[in-house]
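[1] Quick one: sequence and predicted model below, then my questions.
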Amino acid sequence: QVQLVESGGGLVQPGGSLRLSCAASGFTFSTYAMNWYRQAPGKEREWVAQVGSAGGRMTYANSVKGRFTISRDNTKNTVSLQMNSLKPDDTAGYYCNALGPGGFPSYWGQGTQVTVSS
């Protein structure tokens, strides 16, 4: 069955860094675009970043551009999100998403919590 398992969340001080990882299984990982989303309490889920299926095209939300870097390893079926210069506004549950060719199907992980606080 399809599984997306996120890890790497935690508590970090403002200005700090975290690296999130998502391990995928149960589908042909190298044919899927991979996304990170986040959802803060009381807010809608927000798209954060995307990496193309081959790993050569990355796009970011304006709110994280220049601070976050998405990458993938198609030999290990993993996608990562390096988060630097973290701010309290980055506090949220972070979710890994796999998007099939043409935008279907779409798979989600269970999420990992990131809390930025002093």
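    In hand now; what should we look at?

[2] What residues are bridge-paired with the residue nearest in space to the middle of the chain?
    By CA atoms, centre = their mean, the mean C-alpha position of the chain lies nearest to Trp36, the distance being 2.8 Å. Beta-bridge partners recorded for Trp36 (DSSP bridges): Ala49, Cys96.

[3] show me what contacts it?
    20, 22, 47-50, 70, 79, 81, 94-97 (CB atoms under 8 Å, 6 or more residues apart in numbering). All C-beta spots, glycine's among them, are computed from the backbone N, C-alpha and C.

[4] 10 Å - rerun?
    If you count contacts by CB atoms under 10 Å, 6 or more residues apart in numbering, Trp36 has them with 6, 20, 22, 46-51, 60-61, 64, 68, 70, 79-81, 83, 94-97, 109.

[5] and what of Thr31?
    Counting by CB under 10 Å, 6+ apart, Thr31 has contacts Ser53, Ala54, Asn74, Ala98, Gly100, Pro101.

[6] can you list the residues you listed in TSV and add neighbour count?
    Formatted as TSV, the contacts of Thr31 follow (neighbours: other CB atoms under 10 Å):
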residue	neighbour count
Ser53	19
Ala54	11
Asn74	17
Ala98	24
Gly100	15
Pro101	11
